[in-house]
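> sequence first, then the predicted structure:
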Amino acid sequence: MFTFQLENQTEHQTILLCLTAHDGHWFAGGSDARIHGLDSSGKTLPSLQALGGHQSYVTGVASSESFLWSVGYDGLLNAWKPHGNTLHASHQAHQKWVRDIRVAPHQPWMATVGDDMKVMIWDALTARLIHSLEGHAKQSPQGFSSMLYTCAFSPDGTLLATADRIGEILLWELPSGKLLQKMSAPAMYTWDEVQRLRSIGGIRSLAFSTDQQTLAVGGMGHVQNVDGLGGKARVEWFDLQSGEPSGLFESDSHKGLVESLQYHPSEPYLIAAGGSGKGFLMLLDPLTHKAIHETESPMYVHQIALSQDANSLLAVGHHRTAEWSLLKNS
């Protein structure tokens, strides 16, 4: 059995929304429109000045061989040479908020998704646009604007999953850009037509299994009060061949959005993190769809990342970073 052990936590003045490793350091994007260099425990590195270049929230960071990439509320895609504190290039990538960016493993491309409901595929060396893909509904069933929250590449980089506010998931083949599959997790979207005429929820995180047979989808279950994140933390699994649901987990211990999902590269479990008023970490068994271990986080978690040896975990979120060890108990 595995458990989390909290090793370090560090306070930050900003809300850290995204995290990636690049050239031996961690980088986190924040609500202060900046990118912050962090050490392995999440402390700000004094040798790395915060990078600007965005006009508002930085909501995605990713690393390729040549650059550190960032996206944000301003619609920009920025390429950085971070150790020189240099903005190499800036592109207007989307017409609305860019919610996520991912670089494909083992392939020369990356993806961005935004609230213009477009999936953009880019050359990860030059930022040349390869595809502009459309398929997500621009409006909710009630006629309001939707949002395209997240994306994830398969371990070999040839499949891309994208997911939106109303619980729709699309599976794309690369480099062709062909739409392979449509899946749906409608329970992760709550619409209140009685009290507030407002919706909440949506799919906030995705992760492919290491064998690329299933896709894990993170969000939140039904919410009674759409002014808060009171639904149970929820993960669903889908079979990628059929597009059908293959498993479900709802936490009885933690409420709120599952903001980040990551499979362990060598052990048979899935790590889930997020929050509502409080944050949480959960270790899930993808075969039984049950929790192996659940614990509170000292902050609402926006993104997690495993260390290179996969023995520790760094998380960023509301005014804090936190580092956990992954312990195997006899």
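Looks like it came in fine. Residues are numbered from 1 along each chain as shown.

> quick one: the strands in the stretch 51-200 of the chain, in order.
Counting by DSSP state E, counting those that start in this stretch, the stretch 51-200 of the chain has strands at residues 58-63, 68-72, 76-81, 86-92, 98-103, 109-114, 118-123, 129-134, 148-153, 159-164, 168-173, 178-184, 189-192, 198-201.

> of those strands, which approaches residue 272 most closely?
Closest to residue 272 of those, according to CB to CB: strand 148-153, at 13.5 Å. Where you see a C-beta, it was placed from the backbone N, CA and C, and this is true even at glycine.

> residues in contact with the closest one?
For strand 148-153, the surrounding residues in contact (CB atoms under 8 Å, 6 or more residues apart in numbering) are 99-100, 102-105, 107, 111-119, 136, 159-165, 202-208, 215.

> including mean neighbour count and mean pLDDT, could the strands of the stretch 51-200 of the chain go into JSON lines?
Formatted as JSON lines, the strands of the stretch 51-200 of the chain follow (neighbours: other CB atoms under 10 Å; pLDDT from 0 to 100):
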{"stretch": "strand 58-63", "mean neighbour count": "26", "mean pLDDT": "97"}
{"stretch": "strand 68-72", "mean neighbour count": "28", "mean pLDDT": "96"}
{"stretch": "strand 76-81", "mean neighbour count": "21", "mean pLDDT": "94"}
{"stretch": "strand 86-92", "mean neighbour count": "14", "mean pLDDT": "92"}
{"stretch": "strand 98-103", "mean neighbour count": "25", "mean pLDDT": "98"}
{"stretch": "strand 109-114", "mean neighbour count": "26", "mean pLDDT": "97"}
{"stretch": "strand 118-123", "mean neighbour count": "21", "mean pLDDT": "97"}
{"stretch": "strand 129-134", "mean neighbour count": "16", "mean pLDDT": "97"}
{"stretch": "strand 148-153", "mean neighbour count": "24", "mean pLDDT": "98"}
{"stretch": "strand 159-164", "mean neighbour count": "26", "mean pLDDT": "98"}
{"stretch": "strand 168-173", "mean neighbour count": "20", "mean pLDDT": "98"}
{"stretch": "strand 178-184", "mean neighbour count": "16", "mean pLDDT": "97"}
{"stretch": "strand 189-192", "mean neighbour count": "20", "mean pLDDT": "80"}
{"stretch": "strand 198-201", "mean neighbour count": "20", "mean pLDDT": "73"}
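
> any chance of these in a markdown table with distance to residue 257 as columns?
Listed next are those as a markdown table, based on distance: least, CB to CB, whole Å:
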| stretch | distance to residue 257 |
| --- | --- |
| strand 58-63 | 14 |
| strand 68-72 | 19 |
| strand 76-81 | 25 |
| strand 86-92 | 29 |
| strand 98-103 | 13 |
| strand 109-114 | 17 |
| strand 118-123 | 21 |
| strand 129-134 | 25 |
| strand 148-153 | 10 |
| strand 159-164 | 13 |
| strand 168-173 | 16 |
| strand 178-184 | 18 |
| strand 189-192 | 12 |
| strand 198-201 | 8 |
